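Undergrad: Sequence and predicted model, in that order:
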Amino acid sequence: MTDLGQAKLIHPTAVVDPAARIAADVIIGPYSVIGADVEIDRNCWLGAHVVISGTTHIGANTRIFSFASLGSEPQDKKYRGETTSLEIGCNNTIREYVSINRGTLQDGGVTRIGDGNWIMAYVHIAHDCRIGNHTVLANNTTLAGHVHIGDYATLGGATLVHQFCHIGAHAFTAYGARINKNVPPFIMICEGKARPRGLNVEGLRRRGFSEQRIRVLKDAYRLLYRSDLSLEQAIGALQDMQSDSDDVRQLREFISVSDRSIIR
């Protein structure tokens, strides 16, 4: 329930349902609309014309800029008005015109965004997506339904991701990449039709990976992408390497459990 004692933080033109659960220090800008089943945690800031609807939870310290639409019905013809939800974690930045839809019952009923993500203008995140922590989704990136994005992944501007694709942790896609297969962790993908471009070395260095860890991952990349091994043979070779590297184990496990082919 909104704390009426803090009404000065809610612009008088905003429309906030009395049943919404809003922390006392949340700032809500002009003409924003907040639905009855929305919960917004402490120290959040909403700009003008933000619309939050459905069963939606916004974690603490999140900033949401003008004209964002969060928690609306999924764009899925199978949806029949079931109660589904959107869960957004803490410390996220969600820029102008971002749209994030609720989940569907076909995939657990939840769209989930983790913590510390930077979601730039005009990004669309469809129903049932799972976004990890500390990702960057650059302007005009579009995720179809059921897409999973790992921690610290960076998607360049106008990246398009086909439904059910998974992108691993620390991966990087160039602007305009068209993703229709799974992208393993640590890999850099070129623009246009998605192809492997190498290891995301610069991103790994920025996140504190040692040169030794990077060298091991480079060896793993060569096995996967620059050898004459089949995918099954490459997975076996990675298994021989993984005893000395949690990173290689993560790479191998991602590939092994993929229910669709990987970028290769």
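TA: Structure's in. What do you need? Numbers count the residues shown, from 1 in each chain.
Undergrad: Put the alpha carbons of stretch 27-34 into PDB.
TA: Taking C-alpha atoms only, stretch 27-34 is exported to PDB below (Å, rounded to 0.1, in the frame of the first residue of the first chain):
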ATOM      1  CA  ILE A  27       9.700   8.700  -6.700                       C
ATOM      2  CA  ILE A  28       7.100   8.500  -9.500                       C
ATOM      3  CA  GLY A  29       7.100  11.000 -12.300                       C
ATOM      4  CA  PRO A  30       4.300  12.800 -14.200                       C
ATOM      5  CA  TYR A  31       1.600  10.800 -15.900                       C
ATOM      6  CA  SER A  32       3.000   7.400 -14.900                       C
ATOM      7  CA  VAL A  33       0.500   4.600 -14.300                       C
ATOM      8  CA  ILE A  34       1.000   1.900 -11.700                       C
END
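Undergrad: Quick one: mean pLDDT for that stretch?
TA: Here stretch 27-34 scores 98 as its mean pLDDT.
Undergrad: Identify the residues contacting that stretch?
TA: With contact meaning Cβ atoms under 8 Å, 6 or more residues apart in numbering, stretch 27-34 is reached by 9-11, 13-17, 20, 22, 40, 44-53, 66. Placement of C-beta: from N, CA and C, glycine included.
Undergrad: Go again with 7 Å.
TA: 9-11, 13-17, 20, 45-52 (Cβ atoms under 7 Å, 6 or more residues apart in numbering).
Undergrad: If burial is judged by neighbour count, which of those pass?
TA: Among these, those classed as buried by 16 or more other Cβ atoms under 10 Å are 9-11, 14, 16, 20, 45-47, 49-52.
Undergrad: Kindly reformat those as TSV containing distance to Tyr31.
TA: Shown next, in TSV, are those (distance: Cβ to Cβ, whole Å):
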residue	distance to Tyr31
Leu9	15
Ile10	12
His11	8
Ala14	7
Val16	11
Ala20	16
Trp45	15
Leu46	11
Gly47	10
His49	5
Val50	9
Val51	9
Ile52	13
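Undergrad: Mind putting those residues into CSV with pLDDT and secondary structure?
TA: Shown next, in CSV, are those (pLDDT from 0 to 100; DSSP: H, G, I helix; E, B strand; the rest coil):
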residue, pLDDT, secondary structure
Leu9, 94, helix
Ile10, 96, strand
His11, 96, coil
Ala14, 98, coil
Val16, 97, strand
Ala20, 97, coil
Trp45, 98, strand
Leu46, 98, strand
Gly47, 98, coil
His49, 98, coil
Val50, 98, coil
Val51, 98, strand
Ile52, 98, strand
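Undergrad: Good, we can wrap up now.
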